[in-house]
Structure formats: structure tokens, C-alpha cells
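Colleague: Fold the following and give me the result.
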Amino acid sequence: MTIISADTTADTLTRDALTVLQPGFRGTSAPEWVLRQLTEGLGAVAVFSRNIESAEQLAALTAQLRAVRPDVLIAADEEGGDVTRLESRGGSSFPGNLALGAVDDVKLTRAVAAELGRRLALAGVNLDWAPSADVNSDPGNPVIGVRSFGADPELVARNTAAYVEGLQSAGVAACVKHFPGHGDTAIDSHHAMPRIDVDPDTLRARELVPFRAALAAGSKAVMSAHILVPSLDPELPATLSPTVLTGLLRAPQSEGGLGYDGLIVTDGIEMQAIAATYGIERGTVMALAAGADAICVGGGLSDEQTVLSLRDAIVAAVRDGSLPAERLADAAERVRGLAAWAAERARAGAAEAIAPGPEVGLEAARRALRITRADGFVPLDEAPFVAALTPVANIAVGDVTPWGVAAELARLLPGTETATYRAADAEGDPAGVAGRVLAAAGTRRLVAVVRDAHRHAWMSDTLAALVAARPDLIVVEMGVPQAAPVGALHIATHGAARVCGEAAAEAIITRP
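Modeller: As a prediction, the model looks like this:
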């Protein structure tokens, strides 16, 4: 008979509680507290743009972490396109999902994901919180948009599956998000709780289709959404709902579920949809009890005290019976299982086996362009003035990463100048922005760059005034191209990655 001491039980419980956390931190090298918590049982860390200066620096950072815990999961929120952490300072070498969906070539999608995965793996990242499997059924969605492959569930499904296959071929675990689907929302869950009022039949025929495809492709992880779907659970958001996580995602297909047995990770637990209503400690315990296996706490929370508070809340919940010990042990085991898979893939040299494809992102961006030319359009052959009509960036994208076409045009046409205009510039004087743009441009050709013009009346009004004054206006839409094309040349890039700007700049100066 083996006697387990109380101290041993407590130590196991504490380690399991740390194992299920995925915190971020500040700095381009690992803080002492992170290294200390890794020795105590912390199972994962997350890296963001604040942690990354270059691929070489990131590789040194991840090596530092693995010197303390070789099997640590190192996660990144690297979608490519608008949401990039690896290349946040210069813009992504890969277009995002909407551009890939516009091309709709699964071989290309797989190749893009494989090259992105190769770069992540070589830098030491082995879990990517991507791709978005959301069907962007609401074109006014403020947080998904170009992060989705599109509005057609089958198109989203086949490209999601291809992306999962490509990413995991490099030994990087994919994490499809945001289950059960964040596409039909008009609210950003970073700020408040979105609600999706769809019936179960619509949900299964639309939102769940890409997730089924991702699971069939072998996705190693699924990220839950902080959204309320009353037809599934009228009270609790998906992240905290046993009905959604255990009853729908985990339940066997014979019982109407998706039959998933891999890792479930929450979206950022500090997002206001959870934190403002439940608090992060209670939200963490509720998520684990509902069926989540790992808690993302990477966004704005990046200190040891947060990790310790969550650890202690988990331990207290097990001791008071609100979180079954078996549930926590099961969650921790899934984290360790994924870590073992990633470590084995790294030992097998999965990333090194992929032939580098440095141009695949630009190829995809070029193929994603949708160009509308008026009769008599004359390509640019001298430096223009570029007016960047700039919306407020959502938190997922951030405001660090540059976007647009000015930098790319300046390389092709030295002397190109640019200025940024925002909604505040139009307050009280809708025509004021256009007037300022025309005055700044003078006699130079004019390029207007927009992002989701259909969502911002001031952008649409400005474009209309500019077209009226300058019929030779060139317009580059780098968001969801929902509005009708305007201008002598209209280019829809389906995203604002650096390569999308490069492809657009080429098209502006090239004769058809």
C-alpha cells in the first residue's frame, strides 16, 4: 500500500494549477519570476510583440525558457496578416485569412501556414493561437473582419483545415478559434460581452462547419470565445459554459457533439467580457470547471502576482469542492500531452524538413488583389501623395504594426509623401478631411488608403468628396471590401499586412 503524504498531494495540486496557466510577461528576456514559476510547475508562457525584437532574439528567449523547463509550451498569437507578433514592427510577410480566402487555393493556404509555422518553430514557438475559424457573417464585425477566411462556411472550413495541416507540419500546434464562432458579432469581446442570437440549426450549418473541418484535420487545440449564445446557454458565455465546452465540443458525435478530445484553451481571461462580470480568479475556476484545460492570461496581465493569484484561486476551488480535483488533473494532463507532442516534433526536426518559402506570402498577397480600373486609368509614374484614412485599431490588431502603401510606394517612387487622418479630424466638419487632403496633395496624384470604409461614415464621405474633386483618385481598401469600388483605380487587398501593401503598390504603377 502506497501512502501519499498531504505535502505530496499539495505539491501535485499546486503544480497542476500552474500547469494550466498560459501567462505573458514583459521584456525581451525572461524575468526571474517566470523562470522561478517554471521550476514550480508553470506549463506554458505566451510571447507578444512586446517580447519580440527579431527572430534571433526570440530564439534566444525561448532557449532561455527551455533551459529551465525543456517541455514548456511557448505560445504566440501569430495569425499573420493584420495580427502579427513576429513582425509587429514592420508588418507581416504573410497575408491574413481574408486574403487567403479570396484566393481560395488550399495548397497555397497550406504552404503559407507551413512557412509561418517553420519560422515560429525555428524561433522556439510551439503553440500558435491561430487560425481564426470564424465565419464572418456580419460584415460590420469590429474584431474579426479580415481575420476570417470569409463569409462562406465551406470556404472557411477548407482553408481552416489546410491552415491547420500546414502549421502542424512544422511541429507547431494549431489552436483554432473562437469556438463556437465569433463571426456574427457587432461587439468586441475585449470590451464587452457579445451575444449571438442564432438557432441551433443555423449554428450547426454555419459557425460549427469550420470547427468540424479543423478537428478532422487534427487541430491540437481549440480556443473558446467569450460570447453568449442563448440557444446553447442562456446564462453563461461559451468560455464558462459546461454546455458549450463539455456538452457540445467534447460530447461524442453520436450525441450531437463534435467529439473533440484535445486541448481547450480560453481566450484572454482578462478580457472585459469575463473580467468585468466574473473577475479573473472566478472566471478561471469557472472555465476549468466547464471543461477548459488551459487559461490564457497573456494580454495586459503580465506579472507574477497575477499568476500566483490564479494559482491560489484554482487550489482553493479544488479544496472547497467547486472545482473537482479530477477535472484539474485531466486539464493538466492534456497540457502535458500537447507539450510532449510538440517536443517530439521538435526532436524529429519537423521545421527543418520544410523547404523555406520566403516568397509564398507575397505570392498569396498578389493573388488576393481585386482590382477595378476605370477607362483611361493611367498608372503612377511619379511620386504621389498618400492619404491614410485610419480607424482606431482593435486590441487584437494593436496600434504598433505599420500598415498602408506609402512605404512601399516610396521604395518604388522616391519622394512619395503621406499623412494620416482620423475620425476626430472630421468631427463637426465632414468635408474638412477631404479639404485638408487636397491641400496637402497639391498637384500630385492622390492615393487614399482605407480600412473597412463601409464601417466608417467619415471615410466614405471623404472618399466621395475626393473622387468628386479628383476623378483620377486611386483607392486602396485594406479591410473587408464591402463598399462599392470608387476611384479611377480601386484595389481591394483583403488585409493590411506588409506584403498586401507591397502587392498593391506594384499594381498602382503597373500597366494592365
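Colleague: from memory residue 467 sits against residue 487, does it?
Modeller: Yes. Contact criterion C-beta atoms under 8 Å: residue 467 and residue 487 qualify, at 5.8 Å. For the C-beta atoms, the positions are set from N, CA and C on the backbone; glycine is no exception.
Colleague: Neighbour count: these two, which is higher?
Modeller: The residue with more neighbours, out of residue 467 and residue 487, is residue 487; 24 against 18, by other C-beta atoms under 10 Å.
Colleague: check contacts around that one.
Modeller: Residue 487 sits next to 374, 448, 463, 467, 473, 474, 475 when contact means C-beta atoms under 8 Å, 6 or more residues apart in numbering.
Colleague: got it, and residue 354?
Modeller: By C-beta under 8 Å, 6+ apart, the neighbours of residue 354 are 114, 115, 117, 118, 169, 170.
Colleague: so which of these comes closest to residue 410?
Modeller: residue 115 (26.8 Å; C-beta to C-beta).
Colleague: Quick check: that closest one is in a strand.
Modeller: No. With DSSP: H, G, I helix; E, B strand; the rest coil as the criterion, residue 115 is located in helix rather than a strand.
Colleague: Tell me the secondary structure at the nearest residue to residue 251 once chain neighbours are set aside.
Modeller: In this structure, residue 251 finds its nearest non-sequential neighbour in residue 257, 2.6 Å apart by C-beta to C-beta, 6 or more residues apart in numbering. Assigned by three-state DSSP, the conformation of residue 257 is coil.
Colleague: and residue 222, what element?
Modeller: Using DSSP states H and E, residue 222 sits within strand 221-224.
Colleague: tell me the mean pLDDT for that strand?
Modeller: Strand 221-224 shows a mean pLDDT of 98.
Colleague: Could you tell me how far that strand lies from the centre of the chain?
Modeller: On the basis of C-alpha atoms, centre = their mean, to the nearest Å, strand 221-224 sits 12 Å off its chain's mean C-alpha point.
Colleague: for stretch 102-111, same thing?
Modeller: Distance of stretch 102-111 from the chain centroid (C-alpha atoms, centre = their mean) equals 18 Å.
Colleague: which of the residues in that stretch are buried?
Modeller: Within stretch 102-111, the residues that count as buried by 16 or more other C-beta atoms under 10 Å are 102, 103, 104, 106, 108, 109, 110, 111.
Colleague: ok, residues contacting that stretch?
Modeller: Stretch 102-111 has contacts (C-beta under 8 Å, 6+ apart) with 100, 150, 155, 158-159, 161-163, 165-166, 169, 357, 360, 363-364, 367-368, 370, 494.
Colleague: Show me where the stretch 251-400 of the chain has its helices.
Modeller: Applying DSSP state H, counting those that start in this stretch to the stretch 251-400 of the chain gives helices spanning 272-278, 280-290, 304-320, 325-347, 360-368.
Colleague: buried set for the shortest one?
Modeller: Put plainly, it is helix 272-278. Neighbour-count burial for helix 272-278, counted by 16+ other C-beta under 10 Å, picks out 272, 273, 274, 275, 278.
Colleague: my guess is residue 251 contacts residue 258, does it?
Modeller: Yes. Assessed by C-beta under 8 Å, residue 251 is found in contact with residue 258 at 7.4 Å.
Colleague: Those two: which is more packed in?
Modeller: Between residue 251 and residue 258, counted using other C-beta under 10 Å, the more crowded position is residue 258 (20 against 16).
Colleague: From residue 179, how far out is the more buried one?
Modeller: Residue 258 is 9 Å from residue 179, where distance means C-beta to C-beta, to the nearest Å.
Colleague: intersection of neighbour lists for the two?
Modeller: Contacts common to residue 258 and residue 179, judged by C-beta under 8 Å, 6+ apart, are 211, 249.
Colleague: about what we covered before: now the contacts of residue 487 in a markdown table, please, with extra columns for distance to residue 231, secondary structure and pLDDT.
Modeller: A markdown table is the format used below for these (distance: C-beta to C-beta, whole Å; DSSP: H, G, I helix; E, B strand; the rest coil; pLDDT from 0 to 100):
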| residue | distance to residue 231 | secondary structure | pLDDT |
| --- | --- | --- | --- |
| 374 | 47 | coil | 94 |
| 448 | 42 | strand | 98 |
| 463 | 39 | helix | 96 |
| 467 | 44 | helix | 96 |
| 473 | 46 | coil | 98 |
| 474 | 45 | strand | 98 |
| 475 | 40 | strand | 98 |
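Colleague: Show me what the strand holding residue 222 is packed up against.
Modeller: If contacts are counted by 3 or more C-beta pairs under 8 Å, 6 or more residues apart in numbering; DSSP states H and E, strand 221-224 sits against strand 173-179, helix 208-216, strand 263-266.
Colleague: which is the next helix or strand following that strand?
Modeller: Criterion used, DSSP H and E; the element after strand 221-224 is helix 242.
Colleague: Quick one: mean pLDDT for that following helix?
Modeller: 98.
Colleague: so where's this protein shaky on pLDDT?
Modeller: Low-confidence segments of the chain (pLDDT under 70): 1-10, 186-192, 299-301, 394-396, 398, 428, 430.
Colleague: Give me the residue at the spatial middle of it.
Modeller: The structure's the chain has its C-alpha centroid closest to residue 79; by C-alpha atoms, centre = their mean the separation is 4.6 Å.
Colleague: three-state assignment of the closest residue to that one other than its chain neighbours?
Modeller: Leaving aside its sequence neighbours, residue 79 sits nearest to residue 130 (C-beta to C-beta, 6+ apart; 4.5 Å). When classified by three-state DSSP, residue 130 comes out as coil.
Colleague: The one 4 residues further on now?
Modeller: For residue 134, the reduced secondary structure class is coil; criterion used: three-state DSSP.
Colleague: That one and residue 182 touch, don't they?
Modeller: Yes. Residue 134 is in contact with residue 182 according to C-beta under 8 Å; the separation is 4.7 Å.
Colleague: what touches both of those two?
Modeller: Counting by C-beta under 8 Å, 6+ apart, the shared contacts of residue 134 and residue 182 are residue 144.
Colleague: and the spatially closest residue to residue 445 that is not a sequence neighbour, how many neighbours does it have?
Modeller: Nearest non-adjacent residue to residue 445, counting by C-beta to C-beta, 6+ apart: residue 384, 4.2 Å away. Per other C-beta under 10 Å, the neighbour tally for residue 384 reads 24.
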